[in-house]
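*Asks:* model this:
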Amino acid sequence: MVRILRPFTRAVTYTRWLHLFMAIVWPAMWLFIEDAWWIWFLSAGLLGLAGLVPAMRTVEGLQAGLLLTGHRQAGTSASAGLSDRDRDRDRDSRYSEIVAVSSVTWGDRGRTVLWLEARLVLGGLVSMLTVQLPITTLALVTTAFGDTPGDGTLLRIESHHWWHALLAPLPLILLAAVVVGSGELITRLALRLLGPSPTERLAALEEHTEQLLERNRIARELHDSIGHALTVAVVQAGAARAAGDPAFTERALDAIEETGRAALEDLERVLGVLRESGRPASSRPALTEADRLLESARSSGAKVDMAVTGPLDGVPGPVSREGYRILQESLTNVLRHAGAVPVRVRIGVADDTLALEVRNPLTAGIPGPGRGSGLRGIRERAALLGGRARTGPDEGDWQVHVELPLR
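*Replies:* Modelled structure (predicted):
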């Protein structure tokens, strides 16, 4: 019983009813002027022409989204104030519901025309039943007491019987079913006819995919930048404590300060991307700024030998920026897992390919934190650019070898 009555406790049940009544407001105004059947055909024809106007889909989408579903549509700020997870769930659900955008294709216009016609027909039927069913109840009560009902009833009742009073609730029950059922029906029609087209669904999916890729990129940025800075700070602090030399300690503190300052700059840059979706990615460091990575590694005790062949200035921005992060993560892994060991860095630009290789001697018994997320990030960066990455032991060394296409 509670389940049957539950729809009548929801505001959306009555806003759907109101939405159907609104569909016949202006035809009803014409009926007051001239009571003729052709008014409905004229209304249907005018609505068909109106549905071909691109902006009509926006108007109908706004009405349907607010009155039929109880919330705004995709493209509005309905998710303001929600958590990231709730906002994603809300956005994903609304991408498969009613949209409020102008028609782009003739298919969109055709669906809008069908929606307007269906809304007119269903609205007219529901409006008639909404008026006639209560009148029928009144007629049954009237005849039960021996009186004659007035004109305009849905059913003409000639006889007078006391048991008509027992039938009086039935039209009201039918009216309640009409209100709930027509609301569900018009909502399903709206989802079908005013919902996103296949092209819009694909665009929404592509937008969501881009957002996921951007989140993964930001996660890698934070991991590489902050991880590198913390690793350098830990190594420098440990070396300074072990050395017990004031001069070495001073140099270690300088290196920690410089690395921390660079990490703060990177952090602000990444946070800027989060705050401003339109911020250009070109503000991220590129391979032309690799010297500061090498200096940071050298100040931590690593003996870095670097050789560059080919013009780094000619490397495209996305490839150069990802190459910088790959080099940063590779040097971080050396410091974290091998310590102060010789490192050989080779960067080559030739044959439309950027080749980056970092090698260091394998050392045993020097544990380091981490669960392989850095190496996974290197492979992901290479794969996103259509390149490839090899990591692991090679002829007594630990090797990171990456090839990235320049086109």
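*Asks:* residue ranges of the helices in the stretch 151-300 of the chain, please?
*Replies:* With helices called from DSSP state H, counting those that start in this stretch, the stretch 151-300 of the chain shows them at 164-167, 169-193, 198-243, 246-275, 291-299.
*Asks:* which residues are in contact with the shortest one?
*Replies:* Residues lying outside helix 164-167 but in contact with it, judged by CB atoms under 8 Å, 6 or more residues apart in numbering, are 140-141, 143-145, 157. From N, CA and C alone the C-beta is placed, and that goes for glycine too.
*Asks:* change it to 10 Å
*Replies:* With contact meaning CB atoms under 10 Å, 6 or more residues apart in numbering, helix 164-167 is reached by 136-137, 139-145, 157, 161.
*Asks:* gap between it and the chain center?
*Replies:* 56 Å (CA atoms, centre = their mean, to the nearest Å).
*Asks:* Please export the C-alpha coordinates of that helix as CSV.
*Replies:* Taking C-alpha atoms only, helix 164-167 is exported to CSV below (Å, rounded to 0.1, in the frame of the first residue of the first chain):
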residue,chain,number,x,y,z
HIS,A,164,-23.8,4.1,-7.7
ALA,A,165,-22.3,5.7,-4.6
LEU,A,166,-20.1,2.6,-4.3
LEU,A,167,-18.8,3.1,-7.8
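*Asks:* pLDDT of it, averaged?
*Replies:* Mean per-residue pLDDT for helix 164-167: 82.
*Asks:* In the stretch 251-400 of the chain, where is pLDDT below threshold?
*Replies:* 269-283, 364-373 (pLDDT under 70).
*Asks:* swap that for the stretch 101-250 of the chain, sorry
*Replies:* Using pLDDT under 70, the stretch 101-250 of the chain drops low at 148-158, 199, 202-214, 217, 220-221, 224-225, 228.
*Asks:* The strand or helix carrying residue 57 vs helix 169-193, what angle?
*Replies:* In this assignment (DSSP states H and E), residue 57 forms part of helix 54-67. Angle of helix 54-67 versus helix 169-193, following axes from the mean of the first three to the mean of the last three CA atoms, to 10 degrees, is 130 degrees.
*Asks:* about what we covered before: now, of the contacts of helix 164-167, which are buried?
*Replies:* Listed as buried from the contacts of helix 164-167 are 136-137, 139-140, 142-144, 157; burial here means 16 or more other CB atoms under 10 Å.
*Asks:* Mind checking which of the residues you listed land in helices?
*Replies:* Per DSSP state H, helices hold the following members of these: 136-137, 139-140, 142-144.
*Asks:* Farthest pair within those?
*Replies:* 136 and 144 (12.7 Å; CB to CB).
*Asks:* how far away is the residue of the chain most remote from its centre from residue 139?
*Replies:* Largest separation from the mean C-alpha position in the chain: residue 146, at 65.3 Å (CA atoms, centre = their mean). Noted for residue 146: a distance of 13 Å to residue 139, by CB to CB, to the nearest Å.
*Asks:* do residue 324 as well
*Replies:* From residue 324 to residue 139 the distance is 84 Å (CB to CB).
*Asks:* Same list (the contacts of helix 164-167) but as a markdown table, adding distance to residue 241.
*Replies:* Formatted as a markdown table, the contacts of helix 164-167 follow (distance: CB to CB, whole Å):
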| residue | distance to residue 241 |
| --- | --- |
| 136 | 93 |
| 137 | 91 |
| 139 | 98 |
| 140 | 96 |
| 141 | 96 |
| 142 | 101 |
| 143 | 102 |
| 144 | 100 |
| 145 | 103 |
| 157 | 102 |
| 161 | 104 |
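*Asks:* Identify, from the residues you listed, the entry nearest to residue 195.
*Replies:* Residue 195 has its nearest neighbour among these in residue 136, at 36.7 Å by CB to CB.
*Asks:* Okay, domains of this protein per the record?
*Replies:* Following automatic domain parsing, one finds the domains of the chain at 2-196, 202-405.
*Asks:* returning to that earlier point: then the helix holding residue 57 to PDB, C-alphas only?
*Replies:* Extracted in PDB, the C-alpha atoms of helix 54-67 (Å, rounded to 0.1, in the frame of the first residue of the first chain):
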ATOM      1  CA  PRO A  54      16.800  24.600 -33.900                       C
ATOM      2  CA  ALA A  55      16.200  26.700 -30.700                       C
ATOM      3  CA  MET A  56      12.900  24.900 -30.000                       C
ATOM      4  CA  ARG A  57      14.900  21.800 -28.800                       C
ATOM      5  CA  THR A  58      16.600  24.000 -26.200                       C
ATOM      6  CA  VAL A  59      13.300  25.400 -24.900                       C
ATOM      7  CA  GLU A  60      11.700  22.000 -24.700                       C
ATOM      8  CA  GLY A  61      14.700  20.500 -23.100                       C
ATOM      9  CA  LEU A  62      14.800  23.100 -20.400                       C
ATOM     10  CA  GLN A  63      11.100  22.600 -19.600                       C
ATOM     11  CA  ALA A  64      11.200  18.800 -19.700                       C
ATOM     12  CA  GLY A  65      14.400  18.700 -17.700                       C
ATOM     13  CA  LEU A  66      13.000  20.800 -14.900                       C
ATOM     14  CA  LEU A  67       9.400  19.500 -14.800                       C
END
